[in-house]
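K.L.:
sequence-free structure coming up:
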């Protein structure tokens, strides 16, 4: 440490250095006259500032508190809509994202199973991977959720199957982009609300 | 009165739900510090205590929406520092430092007088700083807040805390040169 250490002197005085960092600074202060002098001046200033007496209070703590209590208005519980709003701007994007992932997963699973069929593993392999009962009487969660695996390996979600209209996959063509748009908008609103609050705090209080 | 971190969290939670007694305990713990912060920043000893009362009333009103991101102390000091700056904008200090009593520690009259004069010089030097640097130096030197706590209190990056502190010290060093040389 051959150069002067103005910045470190400040950190040293303010006890912002850990024990490992303090050692080299102390060594340097012993060796470098310029830094040692700067340190002494900085320390004197700190001592001078801190020797100032605290304000003598007109009232002791008890009097202060009892006077204050008379001034405190009844606390207003945060309005339900505010609380709901705060939760919703996190909850709505989360729900939308989950919905998108769910729908997308069925599509991706579809692709994987179709791929498996294509390379010769066949629908049966896909079937066995996903729906083969672990034991007699086992009902796959996929069955419960309304999925069906075709012999070709395709995974169909029965509950959305009926949304095919004139050969157009409504879910992929309209619903997903709509969800994506809502997600983006709700995130933007959430961000805006959050930013607004952050900026409002120092101004209001 | 010192309160532990866990006790403080519990008191804050109770106070958030309107528990006045819990809030009273928080006020007891911090009222001297809040008065000091307001006085050091505004330079107005006469109104510091009233302003501290106002700060605690505002804090009480803001409590329902308080989010415990940093410490309660940092949040409270944020309210107090902003209030002190508002005070400065509203009115100039009306009572000189010498006109008001200091805590009597049984020192001689002459020593007390010298101390007062030094105190007055220091107070004026601090008041000559830009408000933003003044807040930082007061929180550091008088309330012993760490850089991280100051950063939380004033909602500024730690780098800014350091540069404002550096500026404040340089500035004070020049203004208080005679006192520092005499020490």
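P.N.:
Yes, it's here. The model shown is predicted, which means the values in this text are computed figures rather than measured ones.

K.L.:
which stretches of chain A have low pLDDT?
P.N.:
Across chain A, residues meeting the criterion (pLDDT under 70) sit at A:1-2, A:75-79, A:82-83, A:85-86, A:89, A:103-118, A:120-173, A:193-205.

K.L.:
where does residue A:17 land in three-state SS?
P.N.:
In three-state terms, and counting by DSSP: H, G, I helix; E, B strand; the rest coil, residue A:17 is coil.

K.L.:
avg pLDDT for stretch B:8-16?
P.N.:
For stretch B:8-16, mean pLDDT is 88.

K.L.:
scratch that, stretch B:149-161 is what I was asking about
P.N.:
Per-residue scores along stretch B:149-161 average to 92.

K.L.:
What's the end-to-end length of that stretch?
P.N.:
10 Å (Cα to Cα, to the nearest Å).

K.L.:
Flag every buried residue along it.
P.N.:
Within stretch B:149-161, the residues that count as buried by 16 or more other Cβ atoms under 10 Å in any protein chain shown are B:149-154, B:156, B:160-161. For the C-beta atoms, the positions are set from N, CA and C on the backbone; glycine is no exception.

K.L.:
tally of neighbours for residue B:65?
P.N.:
15 (other Cβ atoms under 10 Å in any protein chain shown).

K.L.:
Which parts of chain B are helices?
P.N.:
Under the criterion DSSP state H, helices of chain B are mapped to B:5-16, B:20-42, B:45-62, B:72-90, B:109-127, B:131-141, B:147-154, B:158-175, B:177-182.

K.L.:
residues touching the residue positioned nearest the centre of chain B, list them.
P.N.:
Chain B has residue B:37 as the residue nearest its centroid, 1.2 Å off, counting by Cα atoms, centre = their mean. Listed by Cβ atoms under 8 Å, 6 or more residues apart in numbering or on different chains, the contact partners of residue B:37 are B:77, B:80-81, B:84, B:138-139, B:142-143.

K.L.:
Give the other helices and strands that the helix or strand hosting residue A:68 contacts.
P.N.:
Assigned by DSSP states H and E, residue A:68 belongs to helix A:61-71. Counting contacts by 3 or more Cβ pairs under 8 Å, 6 or more residues apart in numbering or on different chains; DSSP states H and E, helix A:61-71 packs against helix B:20-42, helix B:45-62.

K.L.:
That helix to helix B:20-42, inter-axis angle?
P.N.:
On the basis of axes from the mean of the first three to the mean of the last three Cα atoms, to 10 degrees, helix A:61-71 is oriented at 100 degrees to helix B:20-42.

K.L.:
OK, contacts around residue B:20?
P.N.:
Counting by Cβ under 8 Å, 6+ apart, residue B:20 has contacts A:69, A:72.

K.L.:
Tell me the predicted confidence for it.
P.N.:
90.

K.L.:
cool, and residue B:67?
P.N.:
Confidence score, pLDDT, at residue B:67: 79.

K.L.:
Residue B:29 now?
P.N.:
Value for residue B:29, per-residue pLDDT: 91.

K.L.:
Distance-wise, check it relative to chain A.
P.N.:
To chain A, residue B:29 is 9 Å away according to Cβ to the nearest Cβ, to the nearest Å.

K.L.:
How many neighbouring residues does that residue have?
P.N.:
Neighbour tally, residue B:29, other Cβ under 10 Å: 19.

K.L.:
My read is that it contacts residue B:3, right?
P.N.:
Yes: counting by Cβ atoms under 8 Å, residue B:3 is a contact partner of residue B:29 at 5.1 Å.

K.L.:
how big is the angle separating the helix holding residue A:68 from helix B:45-62?
P.N.:
50 degrees.

K.L.:
So what touches helix A:61-71?
P.N.:
A:57, A:59, B:1, B:20, B:24, B:27-28, B:31-32, B:49, B:52-53, B:56-57.

K.L.:
Tell me the buried residues within those.
P.N.:
A:57, B:20, B:24, B:27-28, B:31-32, B:49, B:52-53, B:56.

K.L.:
Closest to residue A:73 out of those residues?
P.N.:
Using Cβ to Cβ, residue B:20 is the member of the buried ones among the contacts of helix A:61-71 that lies nearest residue A:73, at 11.1 Å.

K.L.:
Can you give me the distance of the closest one to residue A:9?
P.N.:
47 Å (Cβ to Cβ, to the nearest Å).

K.L.:
Give me the below-cutoff pLDDT ranges for chain B.
P.N.:
Across chain B (using pLDDT under 70), the flagged ranges come out as B:1-2, B:91-107, B:183.

K.L.:
Try it again at 50.
P.N.:
Across chain B, the ranges flagged by pLDDT under 50 are B:95-99.

K.L.:
What ranges does chain A have for its strands?
P.N.:
Per DSSP state E, chain A carries strands over the ranges A:147-149, A:155-157, A:164-165, A:168-169.

K.L.:
For residue B:129, grab phi and psi.
P.N.:
Main-chain torsions, residue B:129, degrees, to the nearest 10: phi -80, psi 150.

K.L.:
Enumerate every residue touching it.
P.N.:
Contacts for residue B:129 (Cβ under 8 Å, 6+ apart) come out as B:137, B:168, B:171-172.

K.L.:
Apply 6 Å and report the result again.
P.N.:
Neighbouring residues of residue B:129 by Cβ atoms under 6 Å, 6 or more residues apart in numbering or on different chains: B:168, B:171.

K.L.:
measure it to residue B:138 for me?
P.N.:
9 Å.
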